[in-house]
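K.L.:
With the input below, show me the fold.
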Amino acid sequence: MNTSLTRRPIPALALLAGFALLPGAAAWAAEKAVVIPPPNEDVAAANAPGSETAVVAGGCFWGVQGVFQHVQGVTSAVSGYAGGEQRTARYNAVSSGATGHAEAVRISFDPKQISYGRILQIYFSVAHDPTELNRQGPDVGTQYRSTVFASSPEQARIARAYIAQLDASKAFGSRPIATTIEPLKGFYPAEAHHQDYMTRHPDDPYISYNDLPKVDNLKRMFPDRYRAKPVLVGAGA
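P.N.:
Numbering: from 1, shown residues only. Predicted coordinates:
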């Protein structure tokens with residue numbers, strides 16, 4: 001972890017009121033949502049199976065998971081690791097930045113309720129900042145890269161076309177999208193204490209500052225997709 005506002009447990013004296021006094025606090029700010037159009041190319045619902053999955057990475061998996069747990073049509077959102085080997089899919093190893101893994105989220109969804117393209121629209125718009133290279137907010141390293149892990153050539157094609165569309169339209173101003181597209185070779189769920197973290201720890205300063213605003217942005221910008229009760233990984237939640 002690279003700054004005093006990382007995702008390791010933060011002492012009580014480092015609550016939000018004191019964030020401005022912490023070293024490096026002025027170097028970054030909470031991500032802002034960006035209004036972007038839906039993709040011109042998408043998967044037709046009529047041709048979709050009963051369930052579909054998308055695996056995306058965009059910084060800390062706590063926030064990405066938390067956003068998609070509030071998306072209508074999503075049946076599951078699991079934090080985990082993708083891009084590396086199974087033997088290194090452990091938090092302490094991934095945190096080194098040397099495993100090839102990114103903190104990722106596997107999103108299962110009903111394609112008759114929400115399309116793959118709509119998932120990508122929310123991902124690019126409110127779940128993270130796709131213009132940041134190998135970092136999100138205070139978290140720095142390739143394990144925090146922005147990546148779409150495509151499970152099929154069609155997913156790769158749609159993601160690639162959408163990135164080109166957004167760049168051509170200057171959706172993010174002069175900032176080009178840094179998101180990479182990688183073939184999904186495997187997804188490995190993260191440790192149990194990383195699942196449903198936003199819901200279980202809403203008062204964690206990291207969550208309050210970095211991640212809860214993303215859910216607010218989802219509700220504001222995608223009211224037809226927002227669900228108040230999140231779909232959680234934890235049994236009985």
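K.L.:
Check which residues of the longest helix along the chain are buried.
P.N.:
In terms of residue count, the longest helix belonging to the chain (DSSP state H) is helix 153-168. For helix 153-168, burial by neighbour count (16 or more other C-beta atoms under 10 Å) applies to 155-156, 158-159, 162-163, 165-166. Just so you know, the C-beta spots here come from the backbone N, C-alpha and C atoms, and that holds for glycine as well.
K.L.:
repeat for stretch 89-106
P.N.:
Buried residues in stretch 89-106, counted by 16+ other C-beta under 10 Å: 89, 93-95, 97, 99-106.
K.L.:
middle-most residue in this protein, spatially?
P.N.:
The centroid of the chain falls nearest to residue 64 when counting by C-alpha atoms, centre = their mean (3.0 Å).
K.L.:
in what helix or strand does residue 55 lie?
P.N.:
Element membership of residue 55, judged by DSSP states H and E, is strand 52-58.
K.L.:
What average pLDDT does the helix or strand following that strand get?
P.N.:
The helix or strand immediately downstream of strand 52-58 is helix 61-68, counting by DSSP H and E. Throughout helix 61-68, pLDDT has a mean value of 98.
K.L.:
Next secondary structure after helix 61-68?
P.N.:
Next along from helix 61-68, by DSSP H and E: strand 74-82.
K.L.:
and for that next one, what are the contacting residues?
P.N.:
Residues from elsewhere that reach strand 74-82 (C-beta atoms under 8 Å, 6 or more residues apart in numbering): 51, 55, 57, 61-62, 64-65, 68-69, 89, 94, 99, 101-110, 114, 119, 147, 149, 182, 184-190, 194-195, 197, 231, 233.
K.L.:
what's near enough to touch residue 195?
P.N.:
Residue 195 makes contact with 65, 78-79, 189, 232-234, according to C-beta under 8 Å, 6+ apart.
K.L.:
Go through these and give me the one with the most neighbours.
P.N.:
Taking other C-beta atoms under 10 Å to define a neighbour, the member of those with the most is residue 65, carrying 30 neighbours.
K.L.:
Distance of that residue relative to residue 134?
P.N.:
Using C-beta to C-beta, to the nearest Å, residue 65 is found at 20 Å from residue 134.
K.L.:
Over to residue 142?
P.N.:
Taking C-beta to C-beta as the criterion, residue 142 is separated from residue 134 by 5 Å.
K.L.:
Could you do residue 94 as well?
P.N.:
Distance, residue 94 to residue 134, by C-beta to C-beta: 14 Å.
K.L.:
ok, now residue 109?
P.N.:
27 Å.
K.L.:
More neighbours: which of those two?
P.N.:
Comparing residue 109 with residue 134 by other C-beta under 10 Å, the one with more neighbours is residue 109, at 24 against 17.
K.L.:
I figured the more buried one was touching residue 117, is that so?
P.N.:
No. Assessed by C-beta atoms under 8 Å, residue 109 is found out of contact with residue 117, at 11.5 Å.
K.L.:
Under the pLDDT cut-off, which ranges of the protein? List them.
P.N.:
Scanning the chain with the threshold set as pLDDT under 70 gives 1-31, 46-49, 235-237.
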